[in-house]
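Structure here, sequence nowhere to be found:
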Ligand code: URA
């Protein structure tokens, strides 16, 4: 029996494969000697049987080593953050430059929109001229020059994950703690990090709808990353409403710039500060998370973070002067339509996934991989949870390419917002920390 067949037969019976067997399997995914049928059988067996902690660590390390692992020789620690995805989540655009302004280097390998959630690369590409597909030499030069760069994974970063992810997507095997952990971390570890912070989101706009599911994922990710040698902390954060009061690529860039310029308080700033604080503390750049959080706030209020963002954008092909006047450069949708409250009451809940899918329907995300996104469309001025609105007061603005799409989005938005006569209980933003 070939090694792959033996590995699959063992998995079927609940055996945990050896690290060597998993390395050979990951190498086979990368070089094509493992077939799609074998990859599908592997994913299904892992979904059903699980790998246990040792197997999950071994798979993560094997997938990381299936391609290039970057090494850095810089004057500060190499740090990064990963979010499990949510609404109005443009934290990376705030946090990468803020960390750079604190003396860290952030070679951020990011993704595109997934399901109902947006993607950092799509957001950054809303800025005219910006390129996220840099070759390694240019990626290194931008990190060196600006302290941060945000790019897509090159084909040689974790190639085993690229194959396995595509197979999982069509075999009903995305939802496995072991496979999700190995997939997320293999790409992050391949960036050669000294420290990582994870934003594991829970709530109606997250993939993990319950806090229990989010905690299980956070624990698996933190244990695995640490076992693979990367100091990692996870915060479990609330995703029952958009973080920025906007959803959509250019609209979120405008919000991130407003935070970086010190013009915007709110959830986006607070999550960025909490994540950055935890990361600076775990990387030893600050004594504790509180001091780390203050350092991130100072980097923003001094303008140092905005200056790093401007440098990064310019180094990735964006316009000089963008941070001073983003509206001059960001695309604007031809139809802007206000949605107003039909009755008085408190905004008590958002059906987050539906809200996200409504922005995808407007063109802010993709229904199939080959779709192109419209950077201008989405929602802005979204009222936060707990806001009391009178009849006729605005709930948000829809930015659409056509009137008919705005009308469809309005129907979806109305169905996704719950209004009640009683104010909701305020929710903490950071629900737990896992270290
Ligand atoms: N993001 C990833 O990169 N991989 C997963 O499996 C899930 C989310």
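Cool, got the structure. Fair warning: this is a prediction, and the values are worked out from it, not measured in the lab.

Enumerate the residues of the chain near the ligand.
Residues of the chain lying near the ligand by C-beta under 6 Å from any ligand atom: 165, 174, 179, 180, 183, 184. Quick note: C-beta positions are derived from backbone N, CA and C, even for glycine.

For stretch 366-376, which residues meet the burial criterion?
By neighbour count with 16 or more other C-beta atoms under 10 Å, stretch 366-376 contains the buried residues 366, 373, 374, 375, 376.

just to revisit the earlier point, may I see the residues of the chain next to the ligand arranged in TSV, with secondary structure as well?
What follows is the residues of the chain next to the ligand, written out as TSV (DSSP: H, G, I helix; E, B strand; the rest coil):
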residue	secondary structure
165	helix
174	coil
179	helix
180	helix
183	helix
184	helix
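
can I see the domain layout of the protein?
Per automatic domain parsing, the domain ranges recorded for the chain read 2-64, 79-315, 332-420.

Of these, which is nearest residue 428?
In terms of C-beta to C-beta, the element of the domains of the chain nearest to residue 428 is domain 79-315, at 6.8 Å.

measure the closest one end to end?
One end of domain 79-315 to the other measures 19 Å (C-alpha to C-alpha, to the nearest Å).

With adjacent residues omitted, what lies nearest to whatever residue of the chain ends up closest to the ligand?
Closest approach between the chain and the ligand, counting by C-beta to the nearest ligand atom: residue 183, at 3.4 Å. The shortest distance from residue 183 to any non-neighbouring residue, by C-beta to C-beta, 6 or more residues apart in numbering, is to residue 161 (5.1 Å).

what residues are up against residue 46?
Neighbouring residues of residue 46 by C-beta atoms under 8 Å, 6 or more residues apart in numbering: 11, 59, 173, 176, 178, 179.

Surely residue 394 and residue 387 touch.
No - applying C-beta atoms under 8 Å as the test, residue 394 and residue 387 come out as separate, 10.3 Å apart.

Show me where this structure dips below the pLDDT cut-off.
Residue ranges of the chain with pLDDT under 70: 1-2.

Give me the neighbour count for the residue of the chain closest to the ligand.
By the criterion of other C-beta atoms under 10 Å, residue 183 has 21 neighbours.

again, but for residue 255
Residue 255: 29 neighbours (other C-beta under 10 Å).

Quick check, it in contact with residue 89.
No - the pair residue 255 / residue 89 is not scored as a contact, 10.6 Å apart, by C-beta under 8 Å.

I'd like to know how far residue 144 sits from residue 283.
Distance, residue 144 to residue 283, by C-beta to C-beta, to the nearest Å: 19 Å.

Among the domains of the chain, show me which one is buried the most.
Counting by mean count of other C-beta atoms under 10 Å, domain 79-315 has the highest mean neighbour count of those, with a mean of 22.

what ranges do the helices span in the stretch 51-200 of the chain?
Under the criterion DSSP state H, counting those that start in this stretch, the stretch 51-200 of the chain carries helices at the ranges 52-64, 91-101, 120-124, 136-146, 159-169, 177-189.

That'll do, ta.
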